[in-house]
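Visitor: what shape does this take:
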Amino acid sequence: MPTLEQLLDEADASAAEIVELERQMIQIPTVNTGQMPTGNETPLAEFIQDWFHDEGITDTQILARDPERGNIIAVYPGSEARCRLMFMSHTDVVPVEDYSKWSWEPFGAEVSGGRIYGRGASDCKSLLTAQMMAMAILKRNSVKLKHSLRLVSGADEEHGGRWGFGWLADNHPESLECDFAVNEGGGTPVEQGSALSYLLGTGEKGRLEIKITLRGESAHASVPWQGVNASERLWRVLQRIERYEPEIDTSLPIFDYLNLFGIEERPTPESIDRILVELEDSSPRLSSMLRALSRMVWTPTMISGGIKSNSVPENITVTCDVRTLPFQDEEYVRSEIAKTIGDVEGVSFEIDYMSVPNSSPFETDLAEAIKRAQALAVSRDDIQWIPAVSNGFTDSRFTRNLGIITYGFTGAHPDDDPMLSRAHGTDESVGIESLISGTKCMIALAWDLCEAE
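Guide: Residues are numbered from 1 along each chain as shown. This next block holds a predicted model:
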């Protein structure tokens, strides 16, 4: 059997194949609008299943709540039945809002300047590519594992997982049984001077969707005073949200590690905004992340209402995205909404709680294995590690609720600027260096935790 170092060298030699696999999966559109019918993840799940079968990995299945929204599960068996490690990802992608703004065709998977461009390139088909290639390289070299390795790539992550990991957790929990899992939602490299740190995604903020309804009374637009224009109430509500001042909190563990970034002052609720301003020039991504992790974020994202251009609108709905800190439950959010817009006449709201805050401990065997794997993958023995809470939400909340220690970590390369990934944005992309280092990291994790024999 080859050594681990030989397998990592093989990942380097497979760069062209890794790029092609990523491109093929980007070119299969799996756009999730959040409104059924949508997603169409099954064609990609079938592509992955066929690809695994060609590699000799035949213990696969596609499970689906809806036939067009398949979840792919593939198992690399060990000599013992116990599953030690699960590779997690998702197959759906968010819609493209404006094709004309893209420099490349969003589903063309064009390669330029060491990057692959396309919707889903970074979120989340790059992680899936790395995990698939890691399993293939293990299989090609007839590596025998003591414990089983599982890959699960779910549908519907972009709209709550009700057809994906959430549905699997409720209806097929056996498909997720494992000790440890690695998913998106962390692994960002941050360089400050010569120091290299990685943010290990140990937890996530909560996510709620709030629908605010503003009610008026319809009338002809030529005599608007005969009605009550809901858009005037909309204007007042949006002003209130824009002026909303959230409670500032610096109690998350990441604020205890900022000395590793050269920040000597331990932030407090009174000092954090000043520190963030000072950070903006030298480390804008770090500044943005710490801002998100020190407060609840309330963002209006969609507005709908009115029935005709010459009629005073009677009802208008504003949909808002809210991201909460771990101690902020639904009751807290309701009180903040009431305090901010509760006195505006004709206002009501509903809350859809899509994800509660969740986390895994930082000191675990999985954390130690990730540290070893990433050091090998990027040939650096000077990496510092920081537990981080993601400002977004992922399917990790479902596995954590099942008692599976789950981290967000993709194995990104330190030379790959995270700001260029533009997940959910125009010209989304992934660096080829990160695809390769991610593949190497996943190989090393499986070798270590599943105990190559």
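
Visitor: which secondary element of the chain has the worst mean pLDDT?
Guide: For the chain, counting by mean pLDDT, DSSP states H and E, strand 188-192 ranks last in confidence among helices and strands (a mean of 82).

Visitor: run the chain-centre distance for that one.
Guide: Computed by C-alpha atoms, centre = their mean, to the nearest Å, the chain-centroid distance of strand 188-192 equals 18 Å.

Visitor: that one - which strands sit beside it in the sheet, and in what orientation?
Guide: Counting by DSSP bridges, the strands paired with strand 188-192 are strand 195-204 (antiparallel).

Visitor: pull the strand it pairs with out as PDB, backbone CA atoms only.
Guide: Extracted as PDB, the C-alpha positions of strand 195-204 are listed here (Å, rounded to 0.1, in the frame of the first residue of the first chain):
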ATOM      1  CA  ALA A 195       1.600  34.500  10.600                       C
ATOM      2  CA  LEU A 196      -0.900  32.100   9.100                       C
ATOM      3  CA  SER A 197      -4.100  31.300  11.000                       C
ATOM      4  CA  TYR A 198      -7.100  29.200  10.000                       C
ATOM      5  CA  LEU A 199     -10.600  29.700  11.300                       C
ATOM      6  CA  LEU A 200     -12.100  26.300  12.200                       C
ATOM      7  CA  GLY A 201     -15.900  26.500  11.800                       C
ATOM      8  CA  THR A 202     -17.000  25.100  15.200                       C
ATOM      9  CA  GLY A 203     -20.500  26.800  15.200                       C
ATOM     10  CA  GLU A 204     -23.000  28.900  13.400                       C
END
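
Visitor: got the buried residues for that strand?
Guide: Buried residues in strand 195-204, defined by neighbour count with 16 or more other C-beta atoms under 10 Å: 196-204. (C-beta placed from N, C-alpha, C; glycine too.)

Visitor: got JSON lines for the residues you listed, with distance to residue 417 and pLDDT too?
Guide: Below are those laid out as JSON lines (distance: C-beta to C-beta, whole Å; pLDDT from 0 to 100):
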{"residue": "196", "distance to residue 417": "14", "pLDDT": "89"}
{"residue": "197", "distance to residue 417": "15", "pLDDT": "91"}
{"residue": "198", "distance to residue 417": "15", "pLDDT": "94"}
{"residue": "199", "distance to residue 417": "15", "pLDDT": "92"}
{"residue": "200", "distance to residue 417": "19", "pLDDT": "95"}
{"residue": "201", "distance to residue 417": "19", "pLDDT": "95"}
{"residue": "202", "distance to residue 417": "23", "pLDDT": "95"}
{"residue": "203", "distance to residue 417": "25", "pLDDT": "94"}
{"residue": "204", "distance to residue 417": "23", "pLDDT": "94"}
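
Visitor: of these, closest to residue 64?
Guide: Closest approach to residue 64 among those (C-beta to C-beta): residue 204, at 25.5 Å.

Visitor: chain neighbours aside, what residue packs nearest to the closest one?
Guide: Sequence neighbours aside, residue 390 is the residue nearest to residue 204 in space, at 4.6 Å (criterion: C-beta to C-beta, 6 or more residues apart in numbering).

Visitor: look up how far residue 65 lies from the one you found.
Guide: 26 Å (C-beta to C-beta, to the nearest Å).

Visitor: if we can go back for a sec, which of the buried residues of strand 195-204 lies closest to residue 37?
Guide: Relative to residue 37, the closest of these is residue 204; by C-beta to C-beta it sits at 28.2 Å.

Visitor: so the closest one sits against residue 396, correct?
Guide: Yes: the criterion here is C-beta atoms under 8 Å, and residue 204 meets it with residue 396 at 6.5 Å.

Visitor: helices along this protein, start to end?
Guide: 4-13, 15-26, 42-54, 125-140, 165-171, 230-243, 272-279, 284-292, 330-341, 365-378, 396-401, 432-449 (DSSP state H).

Visitor: right, and the ones you listed - which one's nearest residue 159?
Guide: helix 165-171 (10.4 Å).

Visitor: ok, residue 182 touching residue 438?
Guide: No: look at residue 182 against residue 438 with C-beta under 8 Å: they stay out of range, at 10.3 Å.

Visitor: starting at the chain centroid, how far to stretch 427-440?
Guide: 16 Å.

Visitor: what's the separation between the nearest residue to residue 179 once chain neighbours are set aside and residue 54?
Guide: Residue nearest to residue 179 in three dimensions, not counting chain neighbours: residue 84, with 5.2 Å by C-beta to C-beta, 6+ apart. Between residue 84 and residue 54 the distance is 25 Å, computed by C-beta to C-beta.

Visitor: swap in residue 311?
Guide: 59 Å.

Visitor: neighbour count winner among the two?
Guide: residue 311 (14 against 10; other C-beta atoms under 10 Å).

Visitor: what's across from the more buried one in the sheet?
Guide: Following DSSP bridges, residue 311 is listed with bridge partners residue 220.
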